[in-house]
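no FASTA, just this:
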């Protein structure tokens with residue numbers, strides 16, 4: 001950021017003196033883009049503050065808007081059922097799964113539209129799905145290759161300790177759906193575990 005600031009200041013001086021400023025401004029823009037990538041990476045590794053300030057449905061809607069703007073692809077985000085407070089660990093995992101799914105869309109999908117759906121079941125369970133209309137992929141081949149599918153494994157590894165299930169539906173030419181679900185019993189167990197002893 002300091003480097004970008006210095007380049008912009010130098011470009012301003014160049015412009016005042018009638019010298020071309022495009023090269024310095026281009027350098028400043030490149031440094032700002034690098035800084036944005038780094039800041040996003042840092043923020044994604046931290047517990048998302050949005051969850052504390054907005055709650056899961058609004059945090060996912062905000063993430064969807066931010067991702068849609070970055071990708072230039074529309075993302076429809078909606079919530080069904082009656083939203084309710086979930087344990088912090090579950091909120092964080094569902095948010096991380098959405099981030100990872102969006103990262104996969106950005107890297108691989110070549111999608112023209114994406115949908116995020118958060119569902120609060122009447123019985124107390126919760127599910128999250130991210131669906132895209134992109135190129136899809138050969139799921140069995142990706143799961144067998146140790147160099148690929150790290151994001152998918154990461155999602156599963158985050159969800160399994162909470163008693164959740166991750167399902168992925170994809171095949172070449174038919175887009176991808178990632179669905180994370182945690183049943184009512186598991187949500188209740190997490191809630192009890194998170195409550196301090198009375």
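That came through fine. For clarity, every value in this text was computed on a predicted model and none was experimentally measured.

can you report how many residues lie near residue 17?
Applying other C-beta atoms under 10 Å, we find 8 residues neighbouring residue 17. Just so you know, the C-beta spots here come from the backbone N, C-alpha and C atoms, and that holds for glycine as well.

whoops, I mixed them up, residue 19
Using other C-beta under 10 Å, residue 19 has 11 neighbouring residues.

SS state for it?
coil (DSSP: H, G, I helix; E, B strand; the rest coil).

confidence score at it?
We have a pLDDT of 92 for residue 19.

what sits against it?
Not one residue lies near residue 19 by C-beta atoms under 8 Å, 6 or more residues apart in numbering.

how close does it sit to residue 13?
Distance, residue 19 to residue 13, using C-beta to C-beta, to the nearest Å: 8 Å.

again with residue 186
With C-beta to C-beta as the criterion, residue 186 and residue 13 are 61 Å apart.

the two: which has the busier surroundings?
Set residue 186 next to residue 13 and count neighbours by other C-beta under 10 Å: residue 186 wins out with 18 against 12.

surely residue 169 forms part of a helix?
No - secondary structure of residue 169 (three-state DSSP): strand, not part of a helix.

name whatever forms a beta bridge with the closest residue to it other than its chain neighbours.
Leaving aside its chain neighbours, residue 169 sits nearest to residue 177 (4.5 Å; criterion: C-beta to C-beta, 6 or more residues apart in numbering). In this structure, residue 177 bridges to residue 131, residue 169 when assessed by DSSP bridges.

residue 177 touches residue 171, doesn't it?
No - contact criterion C-beta atoms under 8 Å: residue 177 and residue 171 do not qualify, at 10.8 Å.

give me the helices and strands touching the lowest-mean-pLDDT helix or strand in the chain, please.
Least confident helix or strand, the chain: helix 139-144 with a mean of 78, by mean pLDDT, DSSP states H and E. For helix 139-144, the elements it packs on are strand 165-170, judged by 3 or more C-beta pairs under 8 Å, 6 or more residues apart in numbering; DSSP states H and E.

how about residues contacting the strand it packs on?
Strand 165-170 has contacts (C-beta under 8 Å, 6+ apart) with 97, 136-137, 139, 152, 155-156, 159-160, 176-182.

now stretch 23-35: mean pLDDT?
In this model, stretch 23-35 carries a mean pLDDT of 89.

list the buried residues of it.
Within stretch 23-35, the residues that count as buried by 16 or more other C-beta atoms under 10 Å are 24, 25, 27, 28, 31, 32.
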